[in-house]
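Chemist: Here's my sequence, what's the structure:
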Amino acid sequence: MGQRDWAEKDYYAVLGVAKDATKDDIKKAYRKLAQKFHPDANKGNAQAEGRFKEISEAHAVLSNDSKRAEYDEMRRLVEAGGERIYGYGPNRGGGVRVNIGDMGDIGSIFEDLIGSRGGNFGFGARRGQDVETETTLGFDEAIEGALLTLTGGTKIRVPAGVADGARIKAAGKGAPSTGGGPPGDLFVRVHVEPHPIFERSPNGDLTLTVPVTFVEAALGAKVDVPTLDGAVTVRVPPGSSSGKVLRVRGRGAPRPKGGPSDLLVRLVVEVPKKLSRKEKEILQQFAESHHESPRRHLESHLRAASQQAS
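Modeler: Numbering: from 1, shown residues only. The predicted structure is shown next:
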């Protein structure tokens, strides 16, 4: 996708959020739409699949601070009728940043950006420039690994379990030298689309939030939860509270360096919004017989606060 095509898309409208939306607003909007249009829930529906890709593309840009800032700036320039040249300048650190869809003939790109602006600068054979680019993978692709084929036929192997934000190096796949030296390297920054229910922790574990009833939390229960390769039964200990994490070893995502990570199941206790008269009576009887306070650790602070107020 060209820079101008990228800028002319209104990603805020795609997700249905305001231009000053917070990252949390963007995440909530994406999750809601992703669940509605996910291919697994709309098998054979090409329109839903296209909508899901559009939603994922918008989220990949707006959830990334640097990409969102660049996108907002390009949108502003395009709307004002202007245009900016990206990827060349004295402060770019010696590299050129391009989008995969814009790579085309790498040699001609660098001839235009570098060769015609000073040749080899009088140093004879020099190493080619490094190329910085980025791509977005679906969650499943990142888990299973993928073989990327860039424009021009360059292939990049993405390891299974690659994390969002990972930077993959392909030695010698960058720009050719304009003076007969070795080519530069290619660096691909990988962005991973969020999954409707799974997330990845910083150390690579797979995380899943699972609601349980307050009866299950109080008495304990066995609950079936999904994993990436089937279901597994977890035991909820009696007296569990919201936020308790249960670890299922070896049932997470693959690690790039080998071996599976763990699945972390985070419990959320759901309290019923409506109770029958009999249910209220039972709970009232329980409250009268159960005198332990969950706020006992706050009593000394409450006394101190009362003394300060008086």
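Chemist: Distance check, the nearest residue to residue 270 once chain neighbours are set aside against residue 134.
Modeler: Spatially, and ignoring its direct neighbours in sequence, residue 270 is nearest to residue 211 (4.8 Å; CB to CB, 6 or more residues apart in numbering). The way it works is simple: take the backbone N, C-alpha and C, and place the C-beta from them, glycine included. Between residue 211 and residue 134 the distance is 36 Å, computed by CB to CB, to the nearest Å.
Chemist: Would you mind telling me which of the two has the busier surroundings?
Modeler: Taking neighbours as other CB atoms under 10 Å, residue 211 and residue 134 compare with residue 134 leading, 18 against 11.
Chemist: so is the more buried one in a helix, a strand, or just coil?
Modeler: Secondary structure state of residue 134, per DSSP: H, G, I helix; E, B strand; the rest coil, is strand.
Chemist: Which helix or strand contains the closest residue to it other than its chain neighbours?
Modeler: Using CB to CB, 6+ apart and skipping the chain neighbours, the partner closest in space to residue 134 is residue 189 (4.0 Å). Element membership for residue 189 (DSSP states H and E) is strand 186-192.
Chemist: so for that strand, what's the average pLDDT?
Modeler: For strand 186-192, mean pLDDT rounds to 90.
Chemist: just how off-centre is that strand within its chain?
Modeler: Put simply, strand 186-192 sits 13 Å off its chain's centre (CA atoms, centre = their mean, to the nearest Å).
Chemist: That strand packs against which elements?
Modeler: Counting contacts by 3 or more CB pairs under 8 Å, 6 or more residues apart in numbering; DSSP states H and E, strand 186-192 is packed against strand 130-137, helix 139-144, strand 155-158, strand 167-170.
Chemist: Of the ones you listed, which is nearest residue 293?
Modeler: Judged by CB to CB, the one of the helices and strands packed on strand 186-192 that comes nearest to residue 293 is helix 139-144, at 43.2 Å.
Chemist: and the closest one, which residues are buried?
Modeler: For helix 139-144, a neighbour-count test (16 or more other CB atoms under 10 Å) marks 139, 141, 142, 143, 144 as buried.
Chemist: can you put those residues in JSON lines and add pLDDT?
Modeler: Formatted as JSON lines, the buried residues of helix 139-144 follow (pLDDT from 0 to 100):
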{"residue": "139", "pLDDT": "92"}
{"residue": "141", "pLDDT": "90"}
{"residue": "142", "pLDDT": "90"}
{"residue": "143", "pLDDT": "89"}
{"residue": "144", "pLDDT": "88"}
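Chemist: Pipe these into TSV and attach distance to residue 203 per row.
Modeler: Formatted as TSV, the buried residues of helix 139-144 follow (distance: CB to CB, whole Å):
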residue	distance to residue 203
139	18
141	21
142	16
143	16
144	20
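Chemist: Assign residue 246 to helix, strand or coil.
Modeler: Per three-state DSSP, the secondary structure class of residue 246 is strand.
Chemist: and the nearest residue to it once chain neighbours are set aside, what is it in contact with?
Modeler: Nearest residue to residue 246, sequence neighbours excluded (CB to CB, 6+ apart): residue 265, at 4.3 Å. Residues near residue 265 by CB atoms under 8 Å, 6 or more residues apart in numbering: 208, 210, 225, 234, 245, 246, 247, 248.
Chemist: what's the pLDDT at residue 265?
Modeler: At residue 265, pLDDT is 97.
Chemist: got the buried residues for the helix or strand harbouring it?
Modeler: Using DSSP H and E, residue 265 sits in strand 263-270. Residues of strand 263-270 classed as buried by neighbour count (16+ other CB under 10 Å): 263, 264, 265, 267, 269.
Chemist: what helices or strands is the host helix or strand of residue 232 leaning on?
Modeler: According to DSSP H and E, residue 232 maps onto strand 230-236. Applying 3+ CB pairs under 8 Å, 6+ apart, we find strand 230-236 packed against strand 221-227, strand 245-248, strand 263-270.
Chemist: repeat that with 10 Å
Modeler: When contacts are defined as 3 or more CB pairs under 10 Å, 6 or more residues apart in numbering; DSSP states H and E, strand 230-236 sits against strand 206-213, helix 214-219, strand 221-227, strand 245-248, strand 263-270.
Chemist: Quick check: mean pLDDT of that strand?
Modeler: 95.
Chemist: Give me the below-cutoff pLDDT ranges for the stretch 101-250 of the chain.
Modeler: 101-125, 151-152 (pLDDT under 70).
Chemist: Let me know the next secondary structure element after the strand holding residue 265.
Modeler: Next helix or strand after strand 263-270 toward the C-terminus (DSSP H and E): helix 277-289.
Chemist: Just the CA coordinates for that next one, please, in CSV.
Modeler: Extracted in CSV, the C-alpha atoms of helix 277-289 (Å, rounded to 0.1, in the frame of the first residue of the first chain):
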residue,chain,number,x,y,z
ARG,A,277,-36.5,-13.2,46.9
LYS,A,278,-35.4,-16.7,48.0
GLU,A,279,-31.8,-16.1,46.7
LYS,A,280,-31.7,-12.8,48.6
GLU,A,281,-32.9,-14.5,51.8
ILE,A,282,-30.2,-17.2,51.4
LEU,A,283,-27.5,-14.6,50.9
GLN,A,284,-28.8,-12.6,53.9
GLN,A,285,-28.6,-15.7,56.1
PHE,A,286,-25.0,-16.3,54.9
ALA,A,287,-24.1,-12.6,55.6
GLU,A,288,-25.5,-12.9,59.2
SER,A,289,-23.5,-16.1,59.9
